[in-house]
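J.: Here is the input, now give the coordinates:
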Amino acid sequence: MITSNRRIWTSFSARRRSRPSPIVASCRHQPPRRIHAYAPPSNQQTTNTIMERQGAEDASHGDQTTGPPRLKVLQWNVQGLRPKRHQVLQAVFEEHLDIVLLQETLTPTDFEWRVAGYTPHMLPSLEGTRGCATLVRSTIPHLRVPAPVHCGDGVEVLALELQVGGLLLLVYNIYRSQRHQLEAGELLSLASHSSVLVAGDLNAHHPMLQSPSPTNETGRHLAVLLEDIPHVRLLNTGEATHTQGGRLDLTVVSSDLAVDAIWQVHPTLTSDHFATLTSLPVAPPAPLRPPPRWNIRRADWSRFQASLDEWRADYQPPDDLHQQERDLTAAIQTAATTAIPRCAPSRRHRTDWWYYNEEVREHNHRVNLHRKLYKKRPNPNNLRLLQEVVARARQVSLRAKEDKWLEWCATFSQHTSLGQIWRSVRTASGVAPPWPAAHPHPQQEAERLATIFTSRGSSNQLPLHTQLTQQQLRPHRDEAVKEAMEVADMTDRPFSLQELQQAKRRGRDTATGADGVPYSMLAHAGPAGDTALLVSHAQRLVDSGTPAACLEGSRYPTDPQTERAHQA
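T.: Residues are numbered from 1 along each chain as shown. All right, here's what the predicted structure looks like:
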């Protein structure tokens, strides 16, 4: 027990840290919006034709590029996701989609789908079902609804709850085969007090749904609900969503989302159904500026240590160990404020975010694979293979850059607003894209996840005979622990100054903990800071306690090699 406490204190002194994965960091920023590319020709007549065509496209799309941010939703009965994944990915990255609703995916339970910057939610195709999938942009806080509203026996439902800005949005992805009956009364009634988006292949036919096919029972059911429930609106414009002219794919929203909503059939995505695009007047979460970081390179460590010396000279340690830890943290932060300047607020982003696409991602992945292969087996053949893959990846990146520049330049016309021109200038100057939004309720989400983890790891999940055995052995185990605590150990002594110096990390700073104290500050704390740490540790041994930051603070993953060294 004492050895374990000693390890905890060492981890506390070294400050646990967390470094975001490069993959996660690369997914934080969104690719640019899809732009219809027309290479700028040399003659004036063709240029005028391009400008007129671009102006007509801007007018037909409601000038979405210059308006406020909108939520873009794609719905498609894909008729098998595996052979059409590349089409879906191309639409996702080129058209800046926020939500993708797919039906009849025909994917098994073990099917895995990873999309950079998006979170997939799968409903596998089991016996008697066809499967559904929903993609949500990872920067949008969302949860999967574990028990969605019952929509009828055999009807496949995949529901999500999204936090878009200050709006709580319920998104239902539904597929109903022709042999099952839809029961959507309870679902559409949610629109009276919630914002709801319902989309999918419902196989419903009725004149109110603008369907040319004979009316069926599901169509009559939906027609009655659309008349009786005043809080829902059908967005379909009457355009066919099936290759044979049917209107099988429907999009229904609550009345608060229907204002200024845009619904249209996708021009290229086709199976036996046409994909549909819905643009809702919902602003994405406001980006959060990261807090300014300490400029360690310009730190005045002499002034930093002098501030700690001044604090230590007049400081009287309280009896409360937790208060000692808080006082020391506050003193370090105060000294840093006086001796270390702050960096200008910046937003780190990938340098290739503006032209990054699926082809670039694939070739970068190949480069990483061949680099690992050459590092594992450095021989001339692997080196030559690596050089060829790197050269090919550079060609792909250059081609992607050229295409994006041509697309970007072709967007300027006599219809381009001044605001859009300035946004384009800022983009060309290298300004970072919007920072991803944090979760609107991080504390509640953390507590929810902790509760789920605790319940799943509880002994109540064990078989009954195992629980009985634990109850029988618990008194003997408690007694053994108490006896072990009374036995003196060679580590039951305060840290020496030499041990403290060895425990300090002298290398490069990583992400700070919740208190904002990096390794450099601890390494340059000086005699006053070292004395405060040693006194706090000695008090811990006397009180057999642990600082509050070690018990209640944010948890950060530790270095596996360091942890193994402590265990050894």
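J.: so where do the helices sit in the stretch 451-568 of the chain?
T.: Ranges of helices in the stretch 451-568 of the chain, per DSSP state H, counting those that start in this stretch, are 464-486, 497-503, 519-523, 526-543, 548-552, 560-567.
J.: Check these for me and report the most buried one.
T.: helix 519-523 (a mean of 20; mean count of other C-beta atoms under 10 Å). No exception for glycine: its C-beta is placed from N, CA and C like everyone else's.
J.: State the phi and psi torsions of Val253.
T.: Torsion angles at Val253 (phi, psi; degrees, to the nearest 10) stand at phi -130, psi 160.
J.: Quick check: it vs Leu235, distance?
T.: From Val253 across to Leu235, the span is 6 Å (C-beta to C-beta, to the nearest Å).
J.: Between these two, which contacts overlap?
T.: 261, 278 (C-beta atoms under 8 Å, 6 or more residues apart in numbering).
J.: Looking at those two, which has the bigger crowd around it?
T.: The neighbour comparison of Val253 against Leu235 (other C-beta atoms under 10 Å) goes to Val253, with 25 against 20.
J.: My guess is that one contacts Leu188. True?
T.: No: contact criterion C-beta atoms under 8 Å: Val253 and Leu188 do not qualify, at 10.3 Å.
J.: Which neighbours do those two have in common?
T.: Common neighbours of Val253 and Leu188 (C-beta under 8 Å, 6+ apart) are 196, 198, 232.
J.: and those residues as a markdown table, adding pLDDT?
T.: Formatted as a markdown table, the shared contacts of Val253 and Leu188 follow (pLDDT from 0 to 100):
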| residue | pLDDT |
| --- | --- |
| Val196 | 95 |
| Val198 | 96 |
| Val232 | 94 |
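J.: quick check, nearest of those to Gly154?
T.: Nearest to Gly154 among the shared contacts of Val253 and Leu188: Val198, at 17.5 Å, using C-beta to C-beta.
J.: tell me the contacts of the closest one?
T.: With C-beta under 8 Å, 6+ apart, Val198 has these contacts: 172, 174, 184, 187-188, 250-253.
J.: would you turn those into a markdown table with distance to Glu95 and secondary structure?
T.: Formatted as a markdown table, the contacts of Val198 follow (distance: C-beta to C-beta, whole Å; DSSP: H, G, I helix; E, B strand; the rest coil):
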| residue | distance to Glu95 | secondary structure |
| --- | --- | --- |
| Tyr172 | 22 | strand |
| Ile174 | 23 | strand |
| Ala184 | 29 | coil |
| Leu187 | 28 | helix |
| Leu188 | 28 | helix |
| Leu250 | 21 | strand |
| Thr251 | 17 | strand |
| Val252 | 22 | strand |
| Val253 | 20 | strand |
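J.: For the residue nearest to Lys84 when sequence neighbours are not counted, which residues are in contact?
T.: Nearest residue to Lys84, sequence neighbours excluded (C-beta to C-beta, 6 or more residues apart in numbering): Val78, at 5.3 Å. Contact analysis of Val78 by C-beta under 8 Å, 6+ apart lists 84, 88, 102-105, 271.
J.: Mind checking which of these are in strands?
T.: Using DSSP state E, the subset of those located in strands is 102-103.
J.: and the shared contacts of Val253 and Leu188, which of them are in helices?
T.: Among those, DSSP state H puts none in helices.
J.: Val535: which of the residues you listed is nearest?
T.: Taking the shared contacts of Val253 and Leu188 together and measuring to Val535 by C-beta to C-beta, the closest member is Val196, at 59.4 Å.
J.: can you tell me which of the helices of the stretch 451-568 of the chain comes nearest to Ser213?
T.: Proximity to Ser213, assessed across the helices of the stretch 451-568 of the chain by C-beta to C-beta, is greatest for helix 464-486 (56.7 Å).
J.: Surely Thr134 is in a helix?
T.: No: Thr134 is assigned strand when assessed by DSSP: H, G, I helix; E, B strand; the rest coil, not a helix.
J.: Count the neighbours of it for me.
T.: By other C-beta under 10 Å, 22 other residues sit near Thr134.
J.: How about Leu158?
T.: Around Leu158 there are 23 residues (other C-beta under 10 Å).
J.: Surely it touches Thr129?
T.: No: using C-beta under 8 Å, Leu158 is not in contact with Thr129; the gap is 11.3 Å.
J.: Relative to Leu170, how far out is the closest residue to Val145 other than its chain neighbours?
T.: Of all residues beyond its chain neighbours, the one nearest Val145 is Ala159 (3.9 Å), with distances taken as C-beta to C-beta, 6+ apart. Computed as C-beta to C-beta, the Ala159 to Leu170 distance reads 7 Å.
J.: tell me, what's touching those two both at once?
T.: By C-beta under 8 Å, 6+ apart, the residues touching both Ala159 and Leu170 are Val145.
J.: okay, now the domains of the protein?
T.: Per automatic domain parsing, the structural domains of the chain span 2-22+293-345+440-567, 70-280, 350-428.
J.: Any stretches of the stretch 1-150 of the chain with poor pLDDT?
T.: Applying pLDDT under 70 to the stretch 1-150 of the chain picks out residues 1-67.
J.: for the stretch 301-450 of the chain, which spans come out with low pLDDT?
T.: Using pLDDT under 70, the stretch 301-450 of the chain drops low at 345-350, 428, 430-438.
J.: right, I mislabeled it, should have said the stretch 151-300 of the chain
T.: 284-290.
J.: All the helices of it, in order from the start?
T.: 185-189, 217-228, 255-258.
J.: For those, give me CSV that also has mean neighbour count and distance to His476.
T.: Output for the helices of the stretch 151-300 of the chain, formatted as CSV (neighbours: other C-beta atoms under 10 Å; distance: least, C-beta to C-beta, whole Å):
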stretch, mean neighbour count, distance to His476
helix 185-189, 17, 54
helix 217-228, 17, 64
helix 255-258, 18, 62
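J.: quick one, which of the ones you listed is nearest to His524?
T.: Among the helices of the stretch 151-300 of the chain, helix 255-258 comes nearest to His524, with 55.2 Å by C-beta to C-beta.
J.: Counting by contacts, list what that closest one packs against.
T.: Here helix 255-258 touches strand 195-201, strand 232-234, going by 3 or more C-beta pairs under 8 Å, 6 or more residues apart in numbering; DSSP states H and E.
J.: Please name whichever of those strands is nearest to Ala331.
T.: Distance to Ala331, taken as C-beta to C-beta, is lowest for strand 195-201 among those, at 48.4 Å.
J.: Can you list the strands that that closest one pairs with?
T.: Next to strand 195-201 in the sheet, as set by DSSP bridges, lie strand 167-175 (parallel), strand 249-254 (antiparallel).
J.: What is the neighbour count of Phe453?
T.: By other C-beta under 10 Å, neighbour count at Phe453 equals 10.
J.: For Leu74, grab the count of nearby residues.
T.: Applying other C-beta under 10 Å, we find 22 residues neighbouring Leu74.
J.: How about the contacts made by it?
T.: Counted by C-beta under 8 Å, 6+ apart, Leu74 has contacts 91-92, 95, 97, 99-101, 266, 269, 275-278.
J.: do Glu239 as well
T.: 247, 264-265.
J.: what does Val253 give?
T.: Val253 is in contact with 191, 195-198, 232-233, 235, 261, 278, 280, counting by C-beta under 8 Å, 6+ apart.
J.: What residues are bridge-paired with it?
T.: Here Val253, judged by DSSP bridges, has bridge partners Leu197, Arg233.
J.: likewise the one 10 residues further on?
T.: Counting by DSSP bridges, Trp263 forms beta bridges with Thr278.
J.: Start the count at 20 instead of 1 going forward.
T.: Fine by me, first position is 20 from now on; the one you just mentioned is Trp282.
J.: tell me the contacts of it?
T.: Contacts of Trp282 by C-beta under 8 Å, 6+ apart are 254-256, 270, 295-298.
J.: Max pairwise distance over those: which two?
T.: Once C-beta to C-beta is applied, these give Asn255 and Ser298 as the farthest pair, at 14.1 Å.
J.: between the contacts of Val97, which is nearest Trp373?
T.: Nearest to Trp373 among the contacts of Val97 is Val107, at 21.8 Å by C-beta to C-beta.
J.: what about that closest one, distance to Val134?
T.: Counting by C-beta to C-beta, the gap from Val107 to Val134 is 9 Å.
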